[in-house]
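K.L.:
quick one, what's the 3D model for this:
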Amino acid sequence: MYLKELIKFFRIDLTNEDYLAIADTVRRENYMSLKTLAFLTILFTFVMSVVSYAAHDPISITILHVSLMLIAGLFLLFITHYKKNSHQLIIAEIHIFCALLLFYAIILSTYLNPDHPAVSFVAIILALPLFFTDKPKRMALFICFFALLFLVFSFLFDDRDVLLFDCVNGIIFPLVSIIVSSYMMKVKYQNIYLKLKYQHLSENDVLTDLRNRNSFEQILENKNYHPVYCIYIDVNGLHELNNKEGHMAGDEMLKYVARILAEYFEKAHCFRVGGDEFVAFLFHDDDKLQETITAIHHQAALKNYHLSLGYSKMTENKELKLLVKEAESMMYEEKMRYYQNNTSRQVR
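P.N.:
Okay, the predicted model is just below:
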């Protein structure tokens, strides 16, 4: 029972699919944290080098500070200029840099200061994991390894007066770090996941998974959004289908139409703007647009659905709202013709 609870404590409670969905956000946050930590390390070791030199500390301590400052500087240059920072590479870079800092703290606390308590190691082992978001189990193993390494160095180099004190601290504070960092990382993962989920729900239609009216209104106000075509689509007969076969049948119709649009246009630029109305934007001049429209009508007809569709092309001085309005007007003209030819139905 306790083993199961312990294993559960080190899980982030996300499915593999959810984990992959937030991986890019985690990567960006870790990248910024890594750059910040590298910069702070450079700043800290520069100050420590000056203080160490001014205080006439042993030259080996000054060299250690300067060495870490130079390595951190090179590391910062590398991660800043290397553009292919994948999620796994960022995680590897985090562990390499954290290992460098912890090894620095171990050397400083034991080999170079055998007669002083290991304050540097304790501070770094507690603070480092809080900078990043990683799987708790992996970070726990990382902390355990360096806690063991610290204990070995303590036995090898510490004076008798501080050995027991360092050994106790080398056990207690890594355990505290593991517990706190594991909990914080679980919270971070959940917060990132929930934030992205809420953002997705605020920008996407739950039924069709296309972008929703809220996203569409934001696009209309975006002066950097420059599509070549606007295609305005209305699903004919939705109300009648709802009344005749129920709302589940109507929902299936809307989802089917959404899949067609996502197939022929980029899903990121397809919107459900009303109950049975959709808008899609094209960002390239398509000389086969008429063929695409015919294919969309054909795909809808396979399910005995009918669409009214209008489109408009962007010109040099045309605003986005006008582009949409022209496509909508053309759609309504086609819709009127459809209902004129199907007098048994009412225009909706």
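K.L.:
tell me which element the closest residue to residue 128 other than its chain neighbours is part of?
P.N.:
In space, not counting the residues next to it along the chain, residue 128 is nearest to residue 98; the distance is 5.2 Å by C-beta to C-beta, 6 or more residues apart in numbering. Every residue, glycine included, has its C-beta placed from N, CA and C. Using DSSP states H and E, residue 98 sits within helix 87-106.
K.L.:
buried sites along stretch 315-335?
P.N.:
Neighbour-count burial for stretch 315-335 flags 320, 323, 324, 326, 327, 328, 330, 331, 335 (criterion: 16 or more other C-beta atoms under 10 Å).
K.L.:
mean confidence (pLDDT) on that stretch, please.
P.N.:
The average pLDDT for stretch 315-335 rounds to 92.
K.L.:
export it to PDB, keeping only CA atoms.
P.N.:
C-alpha atoms of stretch 315-335 as PDB (Å, rounded to 0.1, in the frame of the first residue of the first chain):
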ATOM      1  CA  THR A 315      -7.700  43.200 -52.900                       C
ATOM      2  CA  GLU A 316      -5.100  45.700 -52.000                       C
ATOM      3  CA  ASN A 317      -7.300  48.200 -50.100                       C
ATOM      4  CA  LYS A 318      -9.900  45.700 -48.800                       C
ATOM      5  CA  GLU A 319     -10.300  45.300 -45.100                       C
ATOM      6  CA  LEU A 320     -10.800  41.800 -43.500                       C
ATOM      7  CA  LYS A 321     -14.300  42.600 -42.300                       C
ATOM      8  CA  LEU A 322     -15.300  43.600 -45.800                       C
ATOM      9  CA  LEU A 323     -13.800  40.400 -47.200                       C
ATOM     10  CA  VAL A 324     -15.900  38.400 -44.800                       C
ATOM     11  CA  LYS A 325     -19.000  40.500 -45.500                       C
ATOM     12  CA  GLU A 326     -18.700  39.900 -49.300                       C
ATOM     13  CA  ALA A 327     -18.300  36.200 -48.900                       C
ATOM     14  CA  GLU A 328     -21.300  36.100 -46.500                       C
ATOM     15  CA  SER A 329     -23.400  38.100 -49.000                       C
ATOM     16  CA  MET A 330     -22.600  35.600 -51.800                       C
ATOM     17  CA  MET A 331     -23.400  32.700 -49.400                       C
ATOM     18  CA  TYR A 332     -26.900  34.200 -48.700                       C
ATOM     19  CA  GLU A 333     -27.600  34.600 -52.400                       C
ATOM     20  CA  GLU A 334     -26.800  30.900 -52.900                       C
ATOM     21  CA  LYS A 335     -28.900  30.000 -49.800                       C
END
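K.L.:
which stretches of the stretch 201-348 of the chain have low pLDDT?
P.N.:
Counting by pLDDT under 70, the ranges of the stretch 201-348 of the chain that qualify are 343-348.
K.L.:
do a quick rundown of the helices in it.
P.N.:
With helices called from DSSP state H, counting those that start in this stretch, the stretch 201-348 of the chain shows them at 213-220, 238-245, 247-264, 289-301, 320-341.
K.L.:
what residues sit buried inside the third one?
P.N.:
Within helix 247-264, the residues scored as buried using 16+ other C-beta under 10 Å are 250, 252, 253, 254, 256, 257, 258, 260, 261, 262, 264.
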